[in-house]
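*Asks:* my questions are about this predicted structure, shown below with the sequence.
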Amino acid sequence: MTNDLREGARLYSRLLNYVRPHWRIFIGALLATAIAGAMEPAVAALMKPLLDDGIRPDVGSWEKILLPLAVVGIFVVRGVFGFLGDYGMAWISNGVVQDIRNDMFRRVLRLPSAYHEKTPSSQTISQIVNDVNGVSGAATSVVTSLIQDSVAVIVLLGWLFYLNWKLTLVTFAMMGVIGIAVRAYSKRMRRLSRGQQEANALVMHVLSEAMHSLKVIRIFGGEAYENKRFADSTSLQRKFAMKSTIASASIGQIVRLFAAIALAIVIAAVMHQVADDETTVGGFVSFITAMLMLIPSLKRLSDINAPIQRGLAAAESIFSLIDQVDEEDLGTTELSSPRGHIRFEQMSFTYPQAEVPALAGIDLEVAPGETVALVGASGSGKTTITSLLARLHSPTQGRILIDGTDISTITLRSLRRNIALVSQDVTLFNDTVLANIAYGEQHSAPLEKVEAAAAAANALEFIKALPEGFATVIGENGNRLSGGQRQRLAIARAILKDAPILILDEATSALDNESERLVQDALENLMKQRTTLVIAHRLSTIQNSDKIVVLSRGRIVESGKHAELVARNGAYAQLLHSQPEAVLAK
Ligand SMILES: Nc1ncnc2c1ncn2[C@@H]1O[C@H](COP(=O)(O)OP(=O)(O)O)[C@@H](O)[C@H]1O
Ligand SMILES: [Mg+2]
């Protein structure tokens, strides 16, 4: 319990850190809310003079106007300050939610590849989209109600003590009982909120997977399976929603019941006191009014626990993401215009949570301007080598040098600035053709350069044929284009980047023979002036490479020029024979 409290307080204080920049508005809103809260008992207080002095035959004409006006006045003041308080708090909470979302997104972009490999993207999306909302209640309505109702409760209690301290003690005792009940529920609410978040994430996960696989689902008749999966996740969502409704609805009723018992005791006691002349009618009505006004405030204070627990559960999820450690970047050296000499030294790498190494004892040297082809069966580690070069992962053993500098000592930014990549799974954004080619640090590249890159990638022709040319929006991941067209945009992007090191990972796999030949020419031009690692699905396209490296189960089993390897009649020759097309091209 105390640990829970401490943890809760820690989370809350971190949330409040986000409020700090808005502290002026926060203080203003607090004041407004407190004033609104203090108005609450004024009505009760008014009852005593109204009944004892106001409602009698000889009342003055001045009081006849003043007392009713006072009632309206109290509500006007309460209304104005209540509005200002709500507005200020909403302003802050929306600001806090926005700041937290932005922080989370910024973090997501910096997390290591390993994090994204083990965490489903929908979970991250759900954390940023859903969970943050839980905080907004905790940051505003909670604070508003906490202030307004606490002030109201304190002032009402003060008034009650002043009127009749004995009865007030009864009220206190009941509040104690209510407090115990509320505490018992708070733990449960928090657990339920966490369950609710997980259910939301599951729905999101099933949904996003289905949306990305509509074609496969339809063709392989996966509808029933997907429907069941989705229904299971929504029913989990519903289960948690109902459970938390039961918890919060019942605590509300329990609080009310205790309040009613307190009221009954008060009525009984007052009836007794009136008989003994200890109180007046005005005092009695005022006491009852204050009591009745105390109830909604107490109820709101007891309900406050639900948004607080929701907020804490949300904060827990949010900070678990924000606290993830960034992609390691201990490098301090800037890599500026390298010649592109690459060396892998006794490098081994095992994916986190994998049993066998993906690469073992890799020794490989690529001279500046050379083109080295990586070939081997799928799963032999070709793509992994390129990921390590771009430091998407770090070697478990050994090191990688560029121009003699260990890449782990180079800043990530400058390392990646010098590498251009075209991979098999093309990534395009739902934006214009222009923005897709001139992406990231190239976003302000002049149009002529973009056009030249598109021409070199053999993409200019089809781009010009699009309804709005370079300004055409290409749809989610470019789904309004064919596979080959998408790949050519990716190639144009890499050409525009003009980096000294080029990685082509099955860059032309989606092209037909005809356009592959055209793009191949473009790529060969591109490869001439830079160090290139090329992975090709068709061996016919890499026969002119300066060196061919054959990988098998993460090890280099052969390397040399095409002719040498053919003559050796080893692993490469075997691969070649499995591709009759490549043999013919020879
Ligand atoms: N993110 C990953 N996590 C764990 N294992 C992986 C990951 N990516 C690839 N692997 C494994 O590493 C090996 C090499 O994969 P990869 O380099 O993609 O092969 P290739 O590109 O030659 O087809 C394979 O056995 C594959 O299962
Ligand atoms: Mg691969």
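*Replies:* Right, received. Where do you want to start? Residues are numbered from 1 along each chain as shown. Ligands and ions are numbered 1, 2, ... in the order given.
*Asks:* return the residues of the chain in contact with ligand 1.
*Replies:* By C-beta under 6 Å from any ligand atom, the residues of the chain that approach ligand 1 are 117, 351, 354, 358, 376, 378-384. No exception for glycine: its C-beta is placed from N, CA and C like everyone else's.
*Asks:* how about low-confidence regions in the stretch 301-450 of the chain?
*Replies:* Low-confidence segments of the stretch 301-450 of the chain, defined by pLDDT under 70, are absent.
*Asks:* tell me where the stretch 251-400 of the chain has helices.
*Replies:* 281-303, 305-322, 382-389 (DSSP state H, counting those that start in this stretch).
*Asks:* list the contacts of the closest residue to residue 317 other than its chain neighbours.
*Replies:* What sits nearest to residue 317 in space, not counting adjacent residues and going by C-beta to C-beta, 6 or more residues apart in numbering, is residue 131, at 4.5 Å. Counting by C-beta atoms under 8 Å, 6 or more residues apart in numbering, residue 131 makes contact with 197, 314, 317-318.
*Asks:* looking at these, which is nearest ligand 1?
*Replies:* residue 317 (24.4 Å; C-beta to the nearest ligand atom).
*Asks:* does residue 527 touch residue 502 like I think?
*Replies:* Yes. At 6.5 Å, residue 527 and residue 502 qualify as touching, with contact defined as C-beta atoms under 8 Å.
*Asks:* got a pLDDT number for residue 139?
*Replies:* pLDDT, residue 139: 67.
*Asks:* let's number from 281 now, not from 1
*Replies:* I'll keep to 281 as the first residue from here, and by that count the last item is residue 419.
*Asks:* got phi/psi on the residue nearest to residue 780 when sequence neighbours are not counted?
*Replies:* Computed as C-beta to C-beta, 6+ apart, the closest residue to residue 780 that is not its neighbour in sequence is residue 620, at 4.3 Å. Here is the backbone geometry of residue 620 (degrees, to the nearest 10): phi 100, psi 30.
*Asks:* over to residue 368?
*Replies:* According to degrees, to the nearest 10, residue 368 has phi -60, psi -40.
*Asks:* likewise residue 753?
*Replies:* phi -80, psi 130.
*Asks:* was I right about it contacting residue 714?
*Replies:* No. At 10.2 Å, residue 753 does not count as touching residue 714 under the criterion of C-beta under 8 Å.
*Asks:* who's more crowded, these two?
*Replies:* residue 714 (19 against 16; other C-beta atoms under 10 Å).
*Asks:* now do the helix or strand where residue 313 lies: which elements does it pack against?
*Replies:* Using DSSP states H and E, residue 313 falls within helix 303-329. If contacts are counted by 3 or more C-beta pairs under 8 Å, 6 or more residues apart in numbering; DSSP states H and E, helix 303-329 sits against helix 341-390, helix 421-443, helix 561-583.
*Asks:* mean neighbour count added to those helices, as JSON lines?
*Replies:* Formatted as JSON lines, the helices and strands packed on helix 303-329 follow (neighbours: other C-beta atoms under 10 Å):
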{"stretch": "helix 341-390", "mean neighbour count": "16"}
{"stretch": "helix 421-443", "mean neighbour count": "20"}
{"stretch": "helix 561-583", "mean neighbour count": "20"}
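*Asks:* residues contacting the residue in the stretch 331-480 of the chain that ligand 1 sits nearest to?
*Replies:* Residue nearest to ligand 1 within the stretch 331-480 of the chain (C-beta to the nearest ligand atom): residue 397, separated by 4.4 Å. Residues near residue 397 by C-beta under 8 Å, 6+ apart: 631-632.
*Asks:* compare the contacts of residue 411 and tell me which is most surrounded.
*Replies:* Among the contacts of residue 411, residue 594 has the most neighbours (other C-beta under 10 Å), with 27 neighbours.
*Asks:* just checking, that one touches residue 407?
*Replies:* No. Residue 594 lies out of contact with residue 407 (C-beta under 8 Å); the separation is 9.0 Å.
*Asks:* ok so, going back, what about the residue nearest to residue 597, distance to residue 587?
*Replies:* Distance, residue 411 to residue 587, using C-beta to C-beta, to the nearest Å: 14 Å.
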